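Chemist: here is a sequence with its predicted model. Questions after.
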Amino acid sequence: MALSSLQGSSMVTRRAALSGKAPAPAPLSSSGGGGAGGASLSSKSPDSRNSGAAAGNGGSSLPAVRSAGDLAGNTHTSSKRPENLSRSVFHATWGCVVVSVCLTFHNAAHLFAWGAAALTLALAFEMLKIVSPKTKDVVMTLFKPVAHEWESKRFTSATWFAAGLLCMSVSRSHLVCTVGAAVCAVGDPAAGFFGRRFGKTRLRAGRSVEGSLAFVIFGGTLAFVALTVASRGGLEQPQYFRTLTGWLEQPRSNENTDTAKLALLERAVASLVGGICGALAEIVSTSIDDNLTVGPAAGYGAAAAVAVLRRML
(Lines give C-alpha, C1' and ligand atoms only; values in the text may rest on other atoms or scores of the structure.)
Protein backbone atom coordinates (compact mmCIF):
# COMPACT_ATOMS: atom_id res chain seq x y z
CA MET A 1 0.00 0.00 0.00
CA ALA A 2 2.80 2.33 0.84
CA LEU A 3 4.49 1.49 -2.50
CA SER A 4 1.34 2.25 -4.50
CA SER A 5 0.88 5.53 -2.63
CA LEU A 6 4.46 6.51 -3.44
CA GLN A 7 3.98 5.64 -7.14
CA GLY A 8 0.76 7.68 -7.26
CA SER A 9 2.48 10.65 -5.72
CA SER A 10 5.31 10.36 -8.23
CA MET A 11 2.86 10.34 -11.18
CA VAL A 12 1.08 13.46 -9.84
CA THR A 13 4.42 15.24 -9.58
CA ARG A 14 5.35 14.35 -13.19
CA ARG A 15 1.98 15.58 -14.52
CA ALA A 16 2.31 18.83 -12.61
CA ALA A 17 5.80 19.35 -14.01
CA LEU A 18 4.56 18.79 -17.60
CA SER A 19 1.63 21.18 -17.13
CA GLY A 20 3.70 23.84 -15.32
CA LYS A 21 1.44 23.83 -12.23
CA ALA A 22 2.44 23.15 -8.66
CA PRO A 23 1.05 19.95 -7.16
CA ALA A 24 -1.75 20.33 -4.62
CA PRO A 25 -0.72 19.59 -1.02
CA ALA A 26 -1.67 16.18 0.29
CA PRO A 27 -4.55 16.21 2.78
CA LEU A 28 -3.61 15.77 6.41
CA SER A 29 -4.78 12.65 8.14
CA SER A 30 -5.05 11.80 11.77
CA SER A 31 -3.83 8.26 11.12
CA GLY A 32 -0.94 6.70 9.31
CA GLY A 33 2.75 7.60 9.27
CA GLY A 34 2.71 10.81 7.18
CA GLY A 35 -0.71 11.83 8.48
CA ALA A 36 0.43 11.65 12.06
CA GLY A 37 3.30 13.95 11.27
CA GLY A 38 0.92 16.46 9.67
CA ALA A 39 -1.49 16.31 12.59
CA SER A 40 1.32 16.91 15.06
CA LEU A 41 2.43 19.98 13.12
CA SER A 42 -1.04 21.49 13.11
CA SER A 43 -1.57 20.94 16.82
CA LYS A 44 1.69 22.40 18.08
CA SER A 45 1.49 24.63 21.12
CA PRO A 46 2.96 28.15 21.11
CA ASP A 47 5.89 26.87 23.14
CA SER A 48 6.54 24.16 20.58
CA ARG A 49 6.46 26.72 17.78
CA ASN A 50 8.96 28.87 19.63
CA SER A 51 11.18 25.85 20.09
CA GLY A 52 10.90 25.14 16.39
CA ALA A 53 11.87 28.70 15.57
CA ALA A 54 14.88 28.36 17.80
CA ALA A 55 15.79 25.12 16.05
CA GLY A 56 15.44 26.87 12.71
CA ASN A 57 17.96 29.43 13.89
CA GLY A 58 20.59 26.82 14.43
CA GLY A 59 19.04 25.20 17.49
CA SER A 60 20.37 27.90 19.83
CA SER A 61 18.29 29.42 22.61
CA LEU A 62 20.99 31.92 23.75
CA PRO A 63 18.95 35.06 22.91
CA ALA A 64 16.14 33.84 25.16
CA VAL A 65 18.65 33.14 27.96
CA ARG A 66 20.13 36.64 27.66
CA SER A 67 16.66 38.13 27.83
CA ALA A 68 15.92 36.20 31.01
CA GLY A 69 19.23 37.41 32.46
CA ASP A 70 18.33 40.98 31.61
CA LEU A 71 14.96 40.62 33.34
CA ALA A 72 16.74 39.28 36.39
CA GLY A 73 18.83 42.44 36.58
CA ASN A 74 22.12 40.86 35.52
CA THR A 75 22.91 43.57 32.99
CA HIS A 76 25.95 45.61 32.14
CA THR A 77 26.01 49.23 33.24
CA SER A 78 26.16 50.48 29.67
CA SER A 79 23.00 48.55 28.79
CA LYS A 80 21.10 50.45 31.48
CA ARG A 81 22.43 53.90 30.71
CA PRO A 82 24.48 55.03 27.72
CA GLU A 83 27.93 56.40 28.40
CA ASN A 84 28.27 60.17 28.55
CA LEU A 85 31.92 61.19 28.60
CA SER A 86 31.01 64.87 28.61
CA ARG A 87 29.07 64.38 31.83
CA SER A 88 31.95 62.45 33.40
CA VAL A 89 34.43 65.20 32.55
CA PHE A 90 31.99 67.84 33.82
CA HIS A 91 31.53 65.90 37.06
CA ALA A 92 35.27 65.49 37.62
CA THR A 93 36.04 69.12 36.76
CA TRP A 94 33.55 70.60 39.20
CA GLY A 95 34.58 68.06 41.81
CA CYS A 96 38.19 69.22 41.51
CA VAL A 97 37.00 72.82 41.87
CA VAL A 98 35.35 71.84 45.16
CA VAL A 99 38.59 70.15 46.28
CA SER A 100 40.46 73.36 45.48
CA VAL A 101 37.99 75.32 47.61
CA CYS A 102 38.59 72.89 50.49
CA LEU A 103 42.35 73.36 50.14
CA THR A 104 42.00 77.15 50.04
CA PHE A 105 39.54 77.69 52.90
CA HIS A 106 40.52 75.59 55.89
CA ASN A 107 38.34 77.15 58.56
CA ALA A 108 35.29 75.06 59.50
CA ALA A 109 32.98 78.08 59.34
CA HIS A 110 34.22 78.89 55.85
CA LEU A 111 33.60 75.34 54.63
CA PHE A 112 30.11 75.33 56.11
CA ALA A 113 29.38 78.67 54.42
CA TRP A 114 30.44 77.27 51.05
CA GLY A 115 28.39 74.11 51.54
CA ALA A 116 25.29 76.05 52.59
CA ALA A 117 25.68 78.46 49.67
CA ALA A 118 26.02 75.61 47.16
CA LEU A 119 22.92 73.84 48.47
CA THR A 120 20.91 77.08 48.57
CA LEU A 121 21.70 77.81 44.93
CA ALA A 122 20.88 74.24 43.92
CA LEU A 123 17.53 74.30 45.73
CA ALA A 124 16.73 77.70 44.22
CA PHE A 125 17.23 76.17 40.78
CA GLU A 126 14.99 73.24 41.69
CA MET A 127 12.25 75.67 42.74
CA LEU A 128 12.74 77.61 39.53
CA LYS A 129 12.13 74.43 37.54
CA ILE A 130 8.72 74.14 39.20
CA VAL A 131 7.72 77.81 39.00
CA SER A 132 8.95 78.52 35.48
CA PRO A 133 8.85 75.55 33.07
CA LYS A 134 10.12 77.81 30.29
CA THR A 135 13.26 78.66 32.27
CA LYS A 136 13.67 74.98 33.08
CA ASP A 137 13.55 74.10 29.38
CA VAL A 138 16.17 76.75 28.57
CA VAL A 139 18.54 75.55 31.29
CA MET A 140 18.06 71.87 30.45
CA THR A 141 18.73 72.65 26.79
CA LEU A 142 21.88 74.53 27.78
CA PHE A 143 23.14 71.60 29.85
CA LYS A 144 21.80 68.92 27.50
CA PRO A 145 25.27 67.44 26.76
CA VAL A 146 25.83 66.68 30.46
CA ALA A 147 22.28 66.25 31.81
CA HIS A 148 20.10 63.17 32.12
CA GLU A 149 16.60 63.31 30.70
CA TRP A 150 14.99 62.51 34.06
CA GLU A 151 16.71 65.48 35.73
CA SER A 152 14.13 67.82 34.22
CA LYS A 153 11.49 66.25 36.48
CA ARG A 154 13.51 65.35 39.57
CA PHE A 155 16.37 66.75 41.63
CA THR A 156 19.58 66.95 39.61
CA SER A 157 22.76 65.19 40.65
CA ALA A 158 24.30 68.60 41.35
CA THR A 159 21.67 69.23 44.03
CA TRP A 160 22.43 65.92 45.71
CA PHE A 161 26.15 66.65 45.48
CA ALA A 162 25.61 70.02 47.19
CA ALA A 163 23.58 68.31 49.91
CA GLY A 164 26.45 65.88 50.42
CA LEU A 165 28.88 68.79 50.77
CA LEU A 166 26.73 70.30 53.50
CA CYS A 167 26.58 66.93 55.29
CA MET A 168 30.38 66.90 55.31
CA SER A 169 30.83 70.53 56.33
CA VAL A 170 28.68 70.16 59.48
CA SER A 171 31.41 67.89 60.83
CA ARG A 172 33.69 70.96 61.13
CA SER A 173 36.47 68.65 59.95
CA HIS A 174 38.81 69.70 57.17
CA LEU A 175 39.81 66.06 56.72
CA VAL A 176 36.21 64.92 56.16
CA CYS A 177 35.52 67.65 53.59
CA THR A 178 38.78 67.21 51.68
CA VAL A 179 38.69 63.42 51.38
CA GLY A 180 34.95 63.31 50.69
CA ALA A 181 35.14 65.90 47.92
CA ALA A 182 38.19 64.28 46.32
CA VAL A 183 36.76 60.75 46.29
CA CYS A 184 33.39 61.91 44.96
CA ALA A 185 35.07 64.06 42.29
CA VAL A 186 36.84 61.32 40.33
CA GLY A 187 35.73 58.02 41.85
CA ASP A 188 32.31 57.87 40.22
CA PRO A 189 33.49 58.89 36.70
CA ALA A 190 36.39 56.42 36.89
CA ALA A 191 34.09 53.60 37.98
CA GLY A 192 31.73 54.26 35.07
CA PHE A 193 34.52 54.55 32.50
CA PHE A 194 36.41 51.39 33.46
CA GLY A 195 33.34 49.40 34.48
CA ARG A 196 31.76 49.75 31.03
CA ARG A 197 34.93 48.64 29.29
CA PHE A 198 36.47 46.05 31.58
CA GLY A 199 33.64 45.10 33.95
CA LYS A 200 33.28 41.31 34.02
CA THR A 201 32.41 40.43 37.61
CA ARG A 202 28.92 41.74 38.24
CA LEU A 203 27.75 43.37 41.45
CA ARG A 204 24.34 44.79 42.33
CA ALA A 205 22.67 47.62 40.37
CA GLY A 206 24.89 47.17 37.32
CA ARG A 207 28.15 47.80 39.19
CA SER A 208 31.22 45.65 38.69
CA VAL A 209 34.27 44.69 40.73
CA GLU A 210 36.54 46.22 38.10
CA GLY A 211 34.65 49.52 38.14
CA SER A 212 34.66 49.65 41.94
CA LEU A 213 38.39 48.95 41.97
CA ALA A 214 38.93 51.89 39.61
CA PHE A 215 36.78 53.97 41.96
CA VAL A 216 39.07 53.17 44.91
CA ILE A 217 42.29 53.74 42.94
CA PHE A 218 41.39 57.07 41.35
CA GLY A 219 39.37 58.44 44.26
CA GLY A 220 42.01 57.40 46.78
CA THR A 221 44.83 58.85 44.68
CA LEU A 222 43.24 62.29 44.42
CA ALA A 223 42.42 62.18 48.14
CA PHE A 224 46.07 61.41 48.93
CA VAL A 225 47.30 64.28 46.76
CA ALA A 226 44.78 66.66 48.35
CA LEU A 227 45.77 65.62 51.88
CA THR A 228 49.44 66.05 51.02
CA VAL A 229 48.79 69.60 49.82
CA ALA A 230 46.63 70.31 52.87
CA SER A 231 49.26 68.99 55.28
CA ARG A 232 51.74 71.47 53.82
CA GLY A 233 49.56 74.52 54.27
CA GLY A 234 47.02 74.20 51.48
CA LEU A 235 46.51 76.63 48.63
CA GLU A 236 46.90 80.39 48.85
CA GLN A 237 43.79 82.50 48.40
CA PRO A 238 43.92 84.74 45.32
CA GLN A 239 44.59 88.37 46.23
CA TYR A 240 41.52 89.66 44.39
CA PHE A 241 39.32 87.20 46.25
CA ARG A 242 40.70 88.28 49.62
CA THR A 243 40.00 91.89 48.69
CA LEU A 244 36.38 91.19 47.73
CA THR A 245 35.66 88.93 50.70
CA GLY A 246 37.78 90.11 53.57
CA TRP A 247 35.67 88.16 56.06
CA LEU A 248 37.04 84.95 54.55
CA GLU A 249 40.66 86.05 54.78
CA GLN A 250 42.87 83.73 56.76
CA PRO A 251 46.57 82.99 57.34
CA ARG A 252 48.51 80.84 54.89
CA SER A 253 49.01 78.09 57.46
CA ASN A 254 46.26 75.64 58.36
CA GLU A 255 47.91 74.48 61.57
CA ASN A 256 44.60 74.57 63.47
CA THR A 257 42.91 71.98 61.23
CA ASP A 258 42.94 68.19 61.45
CA THR A 259 44.83 67.92 58.15
CA ALA A 260 47.83 69.90 59.40
CA LYS A 261 51.02 67.87 59.52
CA LEU A 262 49.36 64.56 58.71
CA ALA A 263 51.96 61.81 58.65
CA LEU A 264 52.53 59.86 55.44
CA LEU A 265 50.97 56.71 56.88
CA GLU A 266 47.92 58.66 58.08
CA ARG A 267 47.42 60.20 54.65
CA ALA A 268 47.75 56.82 52.96
CA VAL A 269 45.29 55.09 55.32
CA ALA A 270 42.78 57.94 55.12
CA SER A 271 42.90 57.93 51.32
CA LEU A 272 42.56 54.16 51.00
CA VAL A 273 39.75 53.83 53.53
CA GLY A 274 38.01 56.86 52.05
CA GLY A 275 38.13 55.31 48.58
CA ILE A 276 36.80 51.98 49.85
CA CYS A 277 33.97 53.58 51.83
CA GLY A 278 33.01 55.72 48.84
CA ALA A 279 32.94 52.69 46.54
CA LEU A 280 30.77 50.76 48.99
CA ALA A 281 28.39 53.70 49.27
CA GLU A 282 28.07 53.82 45.49
CA ILE A 283 27.25 50.10 45.35
CA VAL A 284 24.52 50.19 47.99
CA SER A 285 22.98 53.51 46.88
CA THR A 286 20.22 52.15 44.66
CA SER A 287 17.18 54.05 45.95
CA ILE A 288 18.95 57.40 46.39
CA ASP A 289 21.42 59.40 44.32
CA ASP A 290 24.98 58.31 45.13
CA ASN A 291 26.22 61.91 44.91
CA LEU A 292 24.59 62.39 48.32
CA THR A 293 26.14 59.32 49.95
CA VAL A 294 29.59 58.85 48.41
CA GLY A 295 31.24 62.03 49.75
CA PRO A 296 30.06 61.75 53.37
CA ALA A 297 30.82 58.01 53.47
CA ALA A 298 34.35 58.59 52.18
CA GLY A 299 35.05 61.61 54.39
CA TYR A 300 33.71 60.22 57.65
CA GLY A 301 35.25 56.83 56.94
CA ALA A 302 38.67 58.42 56.42
CA ALA A 303 38.39 60.45 59.62
CA ALA A 304 37.43 57.34 61.58
CA ALA A 305 40.37 55.42 60.11
CA VAL A 306 42.84 58.14 61.14
CA ALA A 307 41.38 58.23 64.65
CA VAL A 308 41.73 54.45 65.01
CA LEU A 309 45.27 54.54 63.60
CA ARG A 310 46.36 57.19 66.10
CA ARG A 311 44.99 55.12 68.96
CA MET A 312 46.85 52.06 67.75
CA LEU A 313 50.23 53.80 67.35
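Modeler: Arrived safely.
Chemist: for the rest of this, base every contact and every neighbour count on C-alpha atoms.
Modeler: Fine.
Chemist: quick one: G115 and L166 touch, right?
Modeler: Yes. Assessed by CA atoms under 8 Å, G115 is found in contact with L166 at 4.6 Å.
Chemist: what's the least confident helix or strand in the protein, going by average pLDDT?
Modeler: When each helix and strand of the chain is scored by mean pLDDT, DSSP states H and E, helix 62-71 comes last, with a mean of 38.
Chemist: ok, so what distance separates V176 from G295?
Modeler: 9 Å (CA to CA, to the nearest Å).
Chemist: I meant to write T104 there.
Modeler: Taking CA to CA, one finds T104 at 19 Å from G295.
Chemist: which non-adjacent residue is nearest A162?
Modeler: Excluding its sequence neighbours, the residue lying closest to A162 (CA to CA, 6 or more residues apart in numbering) is L119, at 4.8 Å.
Chemist: return the residues in contact with the one you found.
Modeler: Residues counted as contacts of L119 (CA atoms under 8 Å, 6 or more residues apart in numbering) are T159, A162, A163, L166.
Chemist: now, these that are in strands?
Modeler: Judged by DSSP state E, the contacts of L119 include no members of strands.
Chemist: how about these in a markdown table, adding distance to V216, neighbour count and pLDDT?
Modeler: A markdown table is the format used below for the contacts of L119 (distance: CA to CA, whole Å; neighbours: other CA atoms under 10 Å; pLDDT from 0 to 100):
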| residue | distance to V216 | neighbour count | pLDDT |
| --- | --- | --- | --- |
| T159 | 24 | 22 | 92 |
| A162 | 22 | 23 | 94 |
| A163 | 22 | 24 | 95 |
| L166 | 23 | 23 | 94 |
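Chemist: in helices, which of those fall?
Modeler: T159, A162, A163, L166 (DSSP state H).
Chemist: which one of those is nearest H148?
Modeler: T159 (13.4 Å; CA to CA).
Chemist: my read: that closest one touches L123, true?
Modeler: Yes. T159 is within contact range of L123, at 6.8 Å (criterion: CA under 8 Å).
Chemist: tell me where the model's unsure across the protein.
Modeler: For the chain, the stretches flagged by pLDDT under 70 are 1-82, 238-256.
Chemist: try it again with 50
Modeler: The chain contains residues with pLDDT under 50 at 1-7, 12, 16-18, 22, 26-79, 251-253.
Chemist: all helices of it, in order?
Modeler: Counting by DSSP H, the helices of the chain are 2-19, 33-42, 46-56, 62-71, 77-80, 85-104, 108-131, 133-142, 157-169, 174-198, 209-231, 239-244, 264-284, 290-312.
Chemist: would JSON lines of these with distance to D258 be doable?
Modeler: JSON lines is the format used below for those (distance: least, CA to CA, whole Å):
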{"stretch": "helix 2-19", "distance to D258": "97"}
{"stretch": "helix 33-42", "distance to D258": "79"}
{"stretch": "helix 46-56", "distance to D258": "65"}
{"stretch": "helix 62-71", "distance to D258": "47"}
{"stretch": "helix 77-80", "distance to D258": "38"}
{"stretch": "helix 85-104", "distance to D258": "12"}
{"stretch": "helix 108-131", "distance to D258": "10"}
{"stretch": "helix 133-142", "distance to D258": "39"}
{"stretch": "helix 157-169", "distance to D258": "13"}
{"stretch": "helix 174-198", "distance to D258": "6"}
{"stretch": "helix 209-231", "distance to D258": "9"}
{"stretch": "helix 239-244", "distance to D258": "23"}
{"stretch": "helix 264-284", "distance to D258": "11"}
{"stretch": "helix 290-312", "distance to D258": "9"}
